[in-house]
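**Q** Structure for this input, please:
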Amino acid sequence: MIMDCLSAGGREKGLKCEWSRERDIQMNAANADEDFQPNSSYREIPLEEYGKMNFPLNYDECLIKVMSWGLQQMRRTNGFRCVFMLRDPYEIAESHSRSFGKDLTVMEDGMKLPASESKSWGQQYEQQMKQAIINAETRNDCASLHVFNYSDVLKDPHTHFQLLSDCGWPIDHLVASSLVQPNKKRV
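**A** Numbering: from 1, shown residues only. Modelled structure (predicted):
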């Protein structure tokens with residue numbers, strides 16, 4: 001959702017969104033049953049890009065999706081802006097099940113379990129997100145960092161995208177917030 005909003009909101013202001021169609025095909029193949037395509041676009045770049053010397057210079061002045069753990073591998077830059085979208089971990093698991101028709105699974109005590117049945121997955125996820133935010137905050141090349149809660153953005157998208165616009169993000173906050181559709185929430 002956040003990638004769609006930022007991409008659409010930034011088009012008129014020159015914000016270019018970069019991602020890999022090959023990655024989209026890969027992710028849909030990994031998560032799909034037969035011909036079902038769960039997402040029109042995951043808007044991700046290839047994972048091997050993170051560790052390259054010229055990453056993220058290849059994406060200068062572009063909007064890219066970096067998984068939270070990717071920030072640890074990401075080379076230093078002249079400055080980047082970052083938005084973290086946090087969501088309740090069990091809501092993520094439920095959304096995954098509804099999107100892909102199968103459970104999100106995790107390893108616990110050497111066994112593969114549905115995330116919804118895990119005793120520790122939610123807490124581990126939240127700890128990992130806290131650590132990712134700390135990692136971003138402590139990087140001297142992070143020009144701005146905003147942490148949004150998914151349900152808060154659904155309730156009041158205008159305020160969140162106005163904040164980004166006011167902080168120098170090259171987006172039209174009205175266009176960006178218009179793409180938020182609470183009725184698409186899969187839980």
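**Q** next helix or strand past the lengthiest helix in the chain?
**A** When the chain is parsed with DSSP state H, its longest helix is helix 121-137. The helix or strand immediately downstream of helix 121-137 is strand 142-149, counting by DSSP states H and E.
**Q** Just checking the distance from the longest helix of the chain to the centre of its chain.
**A** Its chain's C-alpha centre and that of helix 121-137 lie 14 Å apart, by Cα atoms, centre = their mean, to the nearest Å.
**Q** tell me which helix or strand of the protein sits lowest on mean pLDDT?
**A** helix 70-73 (a mean of 72; mean pLDDT, DSSP states H and E).
**Q** who touches it?
**A** 47, 50, 51, 82, 132, 135, 136, 139 (Cβ atoms under 8 Å, 6 or more residues apart in numbering). The way it works is simple: take the backbone N, C-alpha and C, and place the C-beta from them, glycine included.
**Q** could you flag which of these are buried?
**A** 50, 82, 132, 136, 139 (16 or more other Cβ atoms under 10 Å).
**Q** Give me the nearest residue to the third one, chain neighbours excluded.
**A** For residue 132, the nearest residue in space outside its immediate sequence neighbours is residue 68; the separation is 3.6 Å by Cβ to Cβ, 6 or more residues apart in numbering.
**Q** which residues does residue 85 contact?
**A** 1, 2, 148, 149, 150, 153.
**Q** From residue 67, how far out is it?
**A** Separation of residue 85 from residue 67 (Cβ to Cβ, to the nearest Å): 12 Å.
**Q** just residue 22 next, same as before
**A** 16 Å.
**Q** related to what we said a few turns ago, might you report the residue contacts of the residue nearest to residue 132?
**A** Shown in contact with residue 68 (Cβ under 8 Å, 6+ apart): 84, 128, 129, 132.
**Q** Just the closest of these to residue 59, please.
**A** Nearest to residue 59 out of the contacts of residue 68 is residue 84 (Cβ to Cβ; 18.1 Å).
**Q** Next up, identify which helix or strand the closest one is on.
**A** strand 80-86.
**Q** Just the CA coordinates for that strand, please, in CSV.
**A** Presented in CSV, the C-alpha positions along strand 80-86 are these (Å, rounded to 0.1, in the frame of the first residue of the first chain):
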residue,chain,number,x,y,z
PHE,A,80,18.1,8.6,2.0
ARG,A,81,14.6,9.0,3.3
CYS,A,82,12.8,6.1,5.0
VAL,A,83,9.3,5.2,5.9
PHE,A,84,8.6,2.1,8.0
MET,A,85,5.1,0.7,7.8
LEU,A,86,4.4,-1.4,10.9
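**Q** what inclination does that strand have with respect to strand 142-149?
**A** In terms of direction (axes from the mean of the first three to the mean of the last three Cα atoms, to 10 degrees), strand 80-86 departs from strand 142-149 by 10 degrees.
**Q** Do you have the strands of this structure handy? List them.
**A** 16-17, 62-63, 80-86, 105-108, 111-114, 142-149 (DSSP state E).
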